[in-house]
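Participant: Show me the folded form of this:
(3 chains)
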Amino acid sequence: MGDRSGERYPRIYAVVRRIPQGRVATYGQVAALAGFPGQARQVGYALHSLPEGTEVPWQRVINARGEVSLRSEAGWERYQRHLLEEEGIVFNDSGRVDLDLYRWEAALTTPRSR
DNA sequence: GCAGTGACTAGTA
DNA sequence: ATACTAGCCACTG
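Facilitator: Residues are numbered from 1 along each chain as shown, chains lettered A, B, ... in the order given. Below is the predicted model:
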C-alpha cells in the first residue's frame, strides 16, 4: 500500500485533530507529522476544502511566522483569531502568536520499520 | 498536457 | 523590519 494518492487529506485532518485546545501548529509542522514534509501548501489547501461546521480544529493551524494566514475571503482572519482567543491563545501587539509559547510539541511518531 | 494559483516556507538582499 | 525568489505540489481551466 505504497499508494498515497487519495490518502492525503484524511491524514492531514487526523493530525490537525490531535492539536490540543490552546495550542497551535504550523502548516509545515502538520505536513511533516502527516508524512508529507515540505508540503505545507497542501495542508492549507486541505483545510480550505473543509466543510463548514467541521470538527477539525482548523483554526489551530497558523503559518510559520505565528500569524493567521490571509485568505481569499475577508473576515475569516478575524474569525480565526477570535476562535483562538476563546481557547486562551494570546496575540501580541503585532497580531502574532508566540510560537515558542503556544506551539504544539508533538512527538514525531515516525513510522519507521522497527 | 501545460500554465496559473494558493489558508506555505526557508533563504537572500 | 520588509521584499523578492525559488521550491513545493494538488487543483483548476
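
Participant: Output the below-cut-off pLDDT ranges for chain A.
Facilitator: Of all residues in chain A, those with pLDDT under 70 make up the ranges A:1-6, A:108-114.

Participant: quick one, strands of it?
Facilitator: For chain A, the strands defined by DSSP state E cover A:25-26, A:61-62.

Participant: Any chance you could list what contacts the first one?
Facilitator: In this structure, residues lying in contact with strand A:25-26 by C-beta atoms under 8 Å, 6 or more residues apart in numbering are A:15-16, A:19, A:33, A:40, A:60-64, A:99, A:103-104, A:106. For the C-beta atoms, the positions are set from N, CA and C on the backbone; glycine is no exception.

Participant: Closest to DNA strand C out of the residues you listed?
Facilitator: Nearest to DNA strand C among the contacts of strand A:25-26 is residue A:40, at 6.5 Å by C-beta to the nearest atom of the strand.

Participant: near DNA strand C, which residues of chain A show up?
Facilitator: Residues of chain A lying near DNA strand C by C-beta under 7 Å from any atom of the strand: A:8, A:38, A:39, A:40, A:41, A:42, A:45, A:94.

Participant: hmm, back to that, among the strands of chain A, which is the most enclosed?
Facilitator: Counting by mean count of other C-beta atoms under 10 Å, strand A:61-62 has the highest mean neighbour count of those, with a mean of 25.
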